[in-house]
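A.B. asks: Just a sequence and a predicted model for now, questions to come.
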Amino acid sequence: MQLRETMRARHAPDVYSGPNCDQHEPRWIGSDEGDMDGEGPVGTEGTLMLAARTFPPGTVVTVLLPECPHCHETPHDMGDLPDGKGGWFTKWSCGCDFNWHDWATNEFS
């Protein structure tokens, strides 16, 4: 049986969040069949939910994580840390000193 992509979502943080427009706010952006080129916010408060009853049997959900270009590990959550400006940020880390925060700022700004 052939499978057809009908939806996609990507974790694309709002990199201009916070009082100084320099904090990252997690969010999902996505598109669905009929508008695969357009992207808009999806989910509720940063959460994706897929009800099995709305999809036919055989539907496949795949999650792809970014891989560090240096150590080839996927990042893991080191917990929320103070950002030094009165807010918090999630510290992502891998096996080397790759700066995931800077990468996200460049990728999604």
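C.D. replies: Ah, there it is.

A.B. asks: Glu107 versus Leu48, what's the distance?
C.D. replies: 20 Å (C-beta to C-beta, to the nearest Å). Where C-beta positions appear, they are placed from N, C-alpha and C, glycine not excepted.

A.B. asks: Then Thr90?
C.D. replies: Counting by C-beta to C-beta, the gap from Thr90 to Glu107 is 16 Å.

A.B. asks: and if you look at Trp92?
C.D. replies: Note on Trp92: its distance to Glu107, by C-beta to C-beta, is 13 Å.

A.B. asks: In terms of neighbours, single out the busier of these two.
C.D. replies: Trp92 (19 against 12; other C-beta atoms under 10 Å).

A.B. asks: Tell me where the chain has strands.
C.D. replies: 7-11, 14-17, 23-25, 28-32, 40-42, 76-82, 88-93 (DSSP state E).

A.B. asks: Mind checking these for the one nearest to Pro57?
C.D. replies: strand 7-11 (16.9 Å; C-beta to C-beta).

A.B. asks: Quick check: nearest residue in space to Gly79, chain neighbours excluded?
C.D. replies: Closest residue to Gly79 apart from its sequence neighbours, by C-beta to C-beta, 6 or more residues apart in numbering: Lys91 at 6.3 Å.

A.B. asks: Surely the one you found touches Pro75?
C.D. replies: No - checked against C-beta atoms under 8 Å, the pair Lys91 and Pro75 is beyond contact range at 9.4 Å.

A.B. asks: And those two? Which one has more around it.
C.D. replies: Taking other C-beta under 10 Å, Lys91 and Pro75 do not tie; Pro75 has more neighbours (18 against 15).
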